[in-house]
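Colleague: sequence below, structure please.
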Amino acid sequence: MTVIRHIDLDIESGEFVVLVGPSGCGKSTLLRMIAGLEEISGGDLVMGGRSVGHLPPAERNIAMVFQDYALYPHMSVEDNMAFGLKMRNEEPAHIAGKVRNASGILKLEPFLDRLPAQLSGGQRQRVAMGRAIVRDPQAFLFDEPLSNLDAALRVEMRLEIAKLHRRIKATTVYVTHDQVEAMTLADRIVVMNGGNMEQVGPPLELYRRPKTLFVAKFIGSPTMNTLDCDIVERSEGRVRLRMPAGDADLPSTEASHDLTRLTLGIRSEDLDICSPDAAWFTGELSVVEHLGSQTFGYLDIGRDQTITVEFPRTSTIRVGERVSVAGRKEHAHLFDPNDGRRID
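Modeller: Numbering: from 1, shown residues only. The predicted structure follows:
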């Protein structure tokens, strides 16, 4: 069975690339193929100008950091970090220097004599990262390394990984299902869907200009509001869509010429309160979330549909209020409802 299809990806030296996507999309499988833990049935994998797709993992000069840390429980932190180098029969003085350098970078000096069971989850993850650093690998591979940590530790370790990458400038491929990790860590994000690359680009490019409806709904929290709308009129460079509360004229191209419907996408922060006669959507607030820095309202617009609206953080809106909103036309996204492709 073919799991990964049509992958054509160049990763620059020192680049931080994050693979994201829903469960079963193939991101971890792709990472394991790079590591040599899964067989590549076709195509080629090239690192530093050398084809390595046929080589076993030990000969690829890659370090992998796993979700479950994979530390030896009977070894101290120092011995865990040094183990791979000892297996290479490197000089003890060289090993000690490498461990000392890595433990300094990761602030592990006070814990070198401890066993993994005596460490917190974040400290164990730093040990796993240190074991990778001492090897001076050609690339680092991270397989959802923060998913076992609580929310506060995830934020702390995310910052540690970002600082580490800036310091050692190592080529990194990082798998996560957490788009916040992807948006904050990546130089480029690869969105995976069904074994294919859906879109590749810098985080804000994917957020502001998704090429497909899948990317639009996957990247961003809360997810982009989407709604299928009838086309009621066309003119050169414009299209008029029938909204639940009124029509909206939006920029469009000839790509929509043969369509009778389009899928509108609009993010919560691009909707503004307006008068009912100018509204795209009017409805009753079913849920309000006051998050401190942000306030979100969930607006029931009828037809069993709810849209998310971001209000000013000082807003006093309440559940049950009736609200009218319109979108900022320059930030509206249009997609072909048949194949989900963006209409440029």
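Colleague: number of residues surrounding the closest residue to Ser293 other than its chain neighbours?
Modeller: In space, and not counting its chain neighbours, Ser293 is closest to Arg313: 5.9 Å by CB to CB, 6 or more residues apart in numbering. In short, each C-beta sits where N, CA and C put it, glycine included. Neighbours of Arg313 under the rule other CB atoms under 10 Å: 11.
Colleague: also Thr212?
Modeller: 18.
Colleague: list the helices and strands the helix or strand Gln199 falls within packs on?
Modeller: Using DSSP states H and E, Gln199 sits in strand 196-201. Where contact means 3 or more CB pairs under 8 Å, 6 or more residues apart in numbering; DSSP states H and E, strand 196-201 is packed against strand 188-193, helix 213-218.
Colleague: ok now the very next helix or strand once past the last one, how far from the chain's centre?
Modeller: Using DSSP H and E, the helix or strand that follows helix 213-218 towards the C-terminus is strand 225-235. Between the mean C-alpha location of strand 225-235 and the chain-wide mean there is a distance of 30 Å, by CA atoms, centre = their mean, to the nearest Å.
Colleague: domain-wise, how is this protein divided?
Modeller: 16-218, 225-335 (automatic domain parsing).
Colleague: how close does Phe311 sit to Phe16?
Modeller: Using CB to CB, to the nearest Å, we find Phe311 at a distance of 34 Å from Phe16.
Colleague: longest helix anywhere in this protein?
Modeller: For the chain, the longest helix by residue count, based on DSSP state H, is helix 151-168.
Colleague: how many neighbours does the closest residue to Val191 other than its chain neighbours have?
Modeller: Sequence neighbours aside, Glu198 is the residue nearest to Val191 in space, at 4.4 Å (criterion: CB to CB, 6+ apart). Glu198: 22 surrounding residues under other CB under 10 Å.
Colleague: just to revisit the earlier point, please report how far the residue nearest to Ser293 lies from Val319.
Modeller: Per CB to CB, Arg313 is found 17 Å from Val319.
Colleague: list the buried residues for stretch 178-193?
Modeller: For stretch 178-193, burial by neighbour count (16 or more other CB atoms under 10 Å) applies to 178-179, 181-183, 185-186, 188-193.
Colleague: straight-line length of that stretch, end to end?
Modeller: Using CA to CA, to the nearest Å, the end-to-end distance of stretch 178-193 comes to 15 Å.
Colleague: distance from the chain centre to that stretch, please.
Modeller: Relative to its parent chain, stretch 178-193 has a centroid offset of 3 Å by CA atoms, centre = their mean.
Colleague: ok, now stretch 92-109?
Modeller: For stretch 92-109, the distance to the chain centre is 31 Å (CA atoms, centre = their mean).
Colleague: list the buried residues in the lowest-mean-pLDDT helix or strand in the chain.
Modeller: Least confident helix or strand, the chain: helix 151-168 with a mean of 86, by mean pLDDT, DSSP states H and E. Going by neighbour count (16+ other CB under 10 Å), the buried part of helix 151-168 is Leu153, Arg154, Met157, Arg158, Glu160, Ile161, Leu164, His165.
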